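Engineer: coordinates only, no sequence provided:
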Ligand SMILES: Nc1ncnc2c1ncn2[C@@H]1O[C@H](COP(=O)(O)OP(=O)(O)OP(=O)(O)O)[C@@H](O)[C@H]1O
């Protein structure tokens, strides 16, 4: 039940509003792409075009390389699931799931037998005879998923399917999607504005902004190597540190951070994730390069006059949020540098207060820089 899906130069206008602008994106067979973006960025419009519910103003939709742009939704063989389950209230659970097969002319007993298999898959086998009004919200969404899967779709299209569920139920649905991916290997397009959901469920994330794809990349890559500050922010990145790239490193109040070899020299913005930065003891984190003193910390490489694995600054904010806290530190600028504040995510609540001295280091990752 799995196919590849491609959008080629898809554009959509509503009146004078350009809602999608030259979207090209391929979703390989059995993979899951998340369309992530703010409200109004065009995610649902692209999904409706994939489903055949909307004709694009321009461009082509391909399933397994075949142009399906002119095919209507009925013949597109896609399974859809929305934020609300949209079950038929007068049909039992099993008949809701069997509905498409019945419409396709299958005998009732056969359609129901197949529907029960999908209900088992979503762990609702014993609810087959219930009416939708007798289900919880989470159960209704499972039925909606079973109904979408029972169509044996070539492409599964999910539009904010879990956003009305509470956190616990959402986690259960994530487990269910994992197990369905393992068993049926469907090709999935997931529309979401929840970056965590995108990261948990998808293989790749396509970031949409004002109808354009800003970047499409594997989940880890897009978090650590955002193509622009806009992508970094949409993925929840909080840090943008201006500086200069020279001799294989980015130089800023954060210190000398090694960068990939192909990083262009000159002014550049370093975007370390708040989860990748670490608080260090102030003594160990003393910054030496621009202050002209030598490192005393044992883990500083004495053979590298430029090596200094950290910076120092002053805590400006500590914001606890349960298991983690966000600590903001204003870094000491070197000569000619402007001060910059970075956010660091730490476990628990540190014994720090605004005004305290703190050291900051980038742990174990190569810096990622985009030109300024
Ligand atoms: N049928 C339509 N006619 C006119 N404008 C439309 C139509 N459908 C969508 N739009 C507009 O297109 C833009 C993108 O809408 P879309 O629903 O694709 O965004 P979205 O990213 O899915 O947003 P949300 O997260 O709020 O669902 C919005 O400005 C919306 O008002």
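Structural biologist: That came through fine. Nothing here was measured: the structure is a model prediction, and the numbers come from that model. Numbering: from 1, shown residues only.

Engineer: who are the neighbours of the helix or strand hosting residue 196, in terms of helices and strands?
Structural biologist: Using DSSP states H and E, residue 196 maps to helix 195-201. Counting contacts by 3 or more C-beta pairs under 8 Å, 6 or more residues apart in numbering; DSSP states H and E, helix 195-201 is packed against strand 32-37, helix 167-184, strand 187-192, helix 219-224. In this view, the C-beta of every residue, glycine as well, is placed from N, C-alpha and C.

Engineer: that one vs the ligand: in contact?
Structural biologist: No. On the criterion C-beta under 6 Å from any ligand atom, helix 195-201 is out of touch with the ligand, staying 12.6 Å away.

Engineer: what mean pLDDT does that helix have?
Structural biologist: The average pLDDT within helix 195-201 is 96.

Engineer: reformat the helices and strands packed on helix 195-201 as TSV; add mean pLDDT.
Structural biologist: Shown next, in TSV, are the helices and strands packed on helix 195-201 (pLDDT from 0 to 100):
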stretch	mean pLDDT
strand 32-37	97
helix 167-184	92
strand 187-192	97
helix 219-224	95
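
Engineer: which outside residues touch the helix or strand of the chain with the lowest mean pLDDT?
Structural biologist: Least confident helix or strand, the chain: helix 73-76 with a mean of 88, by mean pLDDT, DSSP states H and E. Applying C-beta atoms under 8 Å, 6 or more residues apart in numbering, the external contacts of helix 73-76 come out as 51, 52, 53, 63, 68, 154, 155.

Engineer: before we move on, back to that, now the following helix or strand past the helix holding residue 196: buried residues?
Structural biologist: Toward the C-terminus, helix 195-201 is succeeded by strand 204-209 as the next helix or strand (DSSP H and E). For strand 204-209, the neighbour count (16 or more other C-beta atoms under 10 Å) marks 204, 205, 206, 207, 208, 209 as buried.

Engineer: on that earlier part again, just the ones of the contacts of helix 73-76 in helices?
Structural biologist: In this view, the contacts of helix 73-76 that belong to helices under DSSP state H are residue 51.

Engineer: which residue packs closest to the most centrally placed residue in the chain, ignoring adjacent ones?
Structural biologist: The residue lying closest to the centre of the chain (C-alpha atoms, centre = their mean) is residue 198, at 3.5 Å. Excluding the flanking residues, the one nearest residue 198 by C-beta to C-beta, 6 or more residues apart in numbering is residue 34, at 3.5 Å.

Engineer: just checking, the one you found touches residue 207?
Structural biologist: No. Between residue 34 and residue 207 there is no contact under C-beta atoms under 8 Å: 9.2 Å.

Engineer: can you count the residues close to residue 351?
Structural biologist: 7 (other C-beta atoms under 10 Å).

Engineer: name the SS class of it, please.
Structural biologist: Assigned with DSSP: H, G, I helix; E, B strand; the rest coil, residue 351 falls in the coil class.

Engineer: phi, psi of it?
Structural biologist: Main-chain torsions, residue 351, degrees, to the nearest 10: phi -80, psi 70.

Engineer: before we move on, the earlier item: quick one: the residue nearest to residue 198 from residue 105, how far?
Structural biologist: Computed as C-beta to C-beta, to the nearest Å, the residue 34 to residue 105 distance reads 36 Å.

Engineer: looking at those two, which is more packed in?
Structural biologist: residue 34 (27 against 7).

Engineer: can you pull the contacts of that one?
Structural biologist: Contacts of residue 34 were listed using C-beta under 8 Å, 6+ apart, and they are 190, 191, 192, 197, 198, 199, 201, 202, 204, 205, 206.

Engineer: dump these to TSV, plus distance to residue 310.
Structural biologist: Compiled in TSV, those are given as follows (distance: C-beta to C-beta, whole Å):
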residue	distance to residue 310
190	39
191	41
192	36
197	34
198	32
199	28
201	35
202	34
204	34
205	31
206	35
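
Engineer: and which of those residues is nearest to residue 19?
Structural biologist: Closest approach between those and residue 19, by C-beta to C-beta: residue 191, at 14.0 Å.

Engineer: wait, the closest one sits on residue 49?
Structural biologist: No. Using C-beta under 8 Å, residue 191 makes no contact with residue 49, being 11.9 Å away.

Engineer: the more surrounded of these two?
Structural biologist: Of the pair residue 191 and residue 49, residue 191 is the one with more neighbours under other C-beta under 10 Å, namely 28 against 22.

Engineer: so where's this structure uncertain?
Structural biologist: 1, 281-309 (pLDDT under 70).

Engineer: can you show me the helices along this protein?
Structural biologist: Secondary structure of the chain (DSSP H): helices at 43-51, 73-76, 93-103, 108-121, 137-150, 167-184, 195-201, 219-224, 229-234.
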